[in-house]
Structure formats: structure tokens, C-alpha cells
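Participant: With the input below, show me the fold.
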Amino acid sequence: MIGIGIIGCGSISIARHVPEYYNRDDCKLTGYYDPVTERAEKLADKYGGKVFNSVEELLSSKEIDAVSVCTPNKYHAPITMAALKAGKHVLCEKPMATSVEEAQEMIDTARQTGKFLMIGHNQRLAPAHIRAKEILDSGELGRILTFRTTFGHGGPEFWSQDKGRHTWFFNSDKAFIGAMGDLGVHKADLIRWLIGDEFVEVKAYVTTLDKTNEKDEPIEVDDNAVCLLKSKTGIYGTLTASWTYYGDEDNSTVLYCTNGIMKIYDNPEFPIEIIKKNREKVFYRTGRIQTNEDQTKSGVIDMFVDGINSGKEPEINGEEGLAALRIVLACLESAKTGKSATI
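Facilitator: Reported below is the predicted structural model:
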């Protein structure tokens, strides 16, 4: 039985991490910590386990073998490294760190301690993305030429536990980045995995268009990002992240290939739609993707725990998290300088 500690008891823990651990018969939710004690207490009351008074106290528990780090972005790196040094396996939410240097230190610490570090990039584990990857790798659609990938919704103030415009997501000190780090990093991980190539250059607009804080001032982080990406082999595409999609959420990806077009999570009825060169259409009914309103099993907890049980490092390790973070940071640099940035 793997003892699990939860550090940060906000919405991502409540909706995904905690219930997914609870539903496994080889995990025991052992402890929780959150600076807002009431949040930890609610989870302990519902799922069992103890509320700890500090991160240090939780990490000192010999009953805890692994932790989920579900805090504001600023704390991901220091808490992850402390947990690894305390002998715990770590599942860290995204973005994994606020800099390349922090991320690399996390990776190095995992290697030095012999513990697993996994980053919570769940998009590549969505059923349609798994099937899409298989189709792309089969060569059926030929060579990928261009793409567009989008993740947008109405904003974290409607979903986070700090509901309203005072949410930590809008605070640059705690979040360091806005929609690009919250949503764009997911698509950065997904698209590099789908195309099987690394990106080498970006040109991006990362800005604040509409969101305001509780003082009616523009938020301190971006609410929109539109980015042009170029891969090592010459695949071009756009990555869009937005907190101002005030209608339906958009979590779609479209790939334009030499033998046709693949649309993923673009058609509400069919998660994958393929349009071949001869205009023939093929539809796939695969599982739906998670949304804030429609929580489905993420696959992240299963990959993390299965890795611990098997002794095999999870696929979405620190290096994978860093690769996605590099794309995000390059986009920030491009937006700041007004020039393209290399990765």
C-alpha cells in the first residue's frame, strides 16, 4: 500500500488527484497540507487521512511514500525538491517550475535521490490523443506539415477555490505566468508529443486583453497567448491559450498532413475526425476529454502509481516537463522582445 500525501488542497486536488488516488486499491491517502486548513480538513473528512500543520511535518511522515504537489506555481520547485530529498516520489502539477534552472535542479534532485519525478501533463493521456498518436505514427496521413492547437476557457476565477478576481492565478508572484502557463503548457507538451519532434523557434504574442483583478486593474499575468512554433524538421503551427473564451471551452487540435487532415476534440460528437485527400471522412468515437465541468479519469495518477509499483520511471518525467516549459519560456521571451526566440 502506497501512502500518499497531498500538498495543496485546491481544485485540482479536489477534482482529480485525491479521488483518483482514492479509487485505487493500492493507495492510501495518508496526509494533507494546505495553508487554508479548512480545505485540508474537508478532504481528510471525506477520504480519510491526517491534516498536517506544515509541508515539513508532512514530509517527515514515514507513512507517506509519495506526494502530489498541487500548489501555486511559485512553490512547485522548492516543495518538489524538499519532497525528493525526504525520500518521496513526486507528482508535480504544471508548469513544473518558473525557470529552466529550477526545472533542471528538480530533475537533478530526482536523479540523485533515486525517486521518481512526474509532471501532471494529462493531455497526452486523453483517449483521443492516444488514438491520434497511433494513427499519425502509422503513416496513414503521411507527413505532418502544419497544425493548430488551442486551449481556451472563461478563466480560472470560475473554477479555482479562490473563486473571483482575487484568485492566485492572477498574481504574478505566485503564478509567474497566466494562461500560457495554465493552459498553453498543456498544449506545448501535447503537440511536441503528437508530432514526435522538438520545437526550435517561436514567435509569440503573450498579453493581457480583458481580465481585471478585484481592484478593476488589469491582471498581473497574461490572459491570452497566440504563438507560432517551428519544429526541428520544419513543421509549423500555432498554439493558442486563452482565459477569455466566454462561451464554450475549446480544447482542439488540428493537424494538416500530406494525405489529409486530422481534427481532435473539434467535433463534439466524434473526438477524432479525419478528412482524407479524396474528401472521404472517417470518424472515431473515443473517450471524451476532461473539462472543468466534466471530470473524467485523467490517467495521470494511474501512470504515477503504476510507475512506483513497477519501479519503471513514468513516461511524463521531469525531462518531458522541462521540454514543455522551454517552449512556454521562449514564447514569453518572444513576446517581451518582439522578436522570434530560439529554444
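Participant: give me the low-pLDDT residue ranges for the stretch 1-150 of the chain?
Facilitator: Counting by pLDDT under 70, the stretch 1-150 of the chain has no low-confidence residues at all.
Participant: residue boundaries of the strands in it?
Facilitator: Taking DSSP state E, counting those that start in this stretch as the test, the strands found in the stretch 1-150 of the chain are 2-7, 27-33, 50-51, 66-69, 89-92, 117-119, 144-152.
Participant: now the residue most central in space within the chain: how far from C9?
Facilitator: Among the residues of the chain, the one closest to the centroid is H121, at 3.8 Å (Cα atoms, centre = their mean). To C9, H121 is 21 Å away according to Cβ to Cβ, to the nearest Å. Quick note: C-beta positions are derived from backbone N, CA and C, even for glycine.
Participant: List the buried residues for the longest helix seen in the chain?
Facilitator: Secondary structure of the chain per DSSP state H: the longest helix is helix 318-337. Buried residues in helix 318-337, counted by 16 or more other Cβ atoms under 10 Å: 318, 320-335.
Participant: Also stretch 142-151?
Facilitator: 144, 147-151.
Participant: Ok, stretch 229-245 next?
Facilitator: Buried, per 16+ other Cβ under 10 Å, within stretch 229-245: 229-231, 235, 237-243, 245.
Participant: Could you do stretch 95-105 as well?
Facilitator: For stretch 95-105, by 16+ other Cβ under 10 Å, it's 95-98, 102-103, 105.
Participant: how about it as CSV, C-alpha atoms only?
Facilitator: In CSV, the C-alpha atoms belonging to stretch 95-105 read as follows (Å, rounded to 0.1, in the frame of the first residue of the first chain):
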residue,chain,number,x,y,z
PRO,A,95,4.1,24.2,-15.1
MET,A,96,6.8,22.3,-13.2
ALA,A,97,8.9,25.4,-12.4
THR,A,98,9.3,29.1,-13.1
SER,A,99,12.6,28.8,-14.9
VAL,A,100,14.8,26.3,-16.7
GLU,A,101,17.3,26.4,-13.9
GLU,A,102,14.7,25.4,-11.3
ALA,A,103,13.4,22.6,-13.5
GLN,A,104,16.8,21.3,-14.1
GLU,A,105,17.5,21.3,-10.4
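Participant: Can you list the neighbours in contact with that stretch?
Facilitator: Residues outside stretch 95-105 that contact it (Cβ atoms under 8 Å, 6 or more residues apart in numbering): 73-74, 76-77, 80-81, 106, 119, 176-177, 181, 185, 318, 321-322, 324-326, 328-329.
Participant: hmm, try it at 6 Å
Facilitator: 73, 76-77, 119, 176, 181, 185, 321-322, 325 (Cβ atoms under 6 Å, 6 or more residues apart in numbering).
Participant: Top of those by number of neighbours, please.
Facilitator: I119 (33 neighbours; other Cβ atoms under 10 Å).
Participant: Who does it form a beta bridge with?
Facilitator: C92 (DSSP bridges).
Participant: mind checking how far it is from N317?
Facilitator: 7 Å.
Participant: May I have the distance across stretch 306-325, first residue to last?
Facilitator: Stretch 306-325 has an end-to-end distance of 25 Å (Cα to Cα, to the nearest Å).
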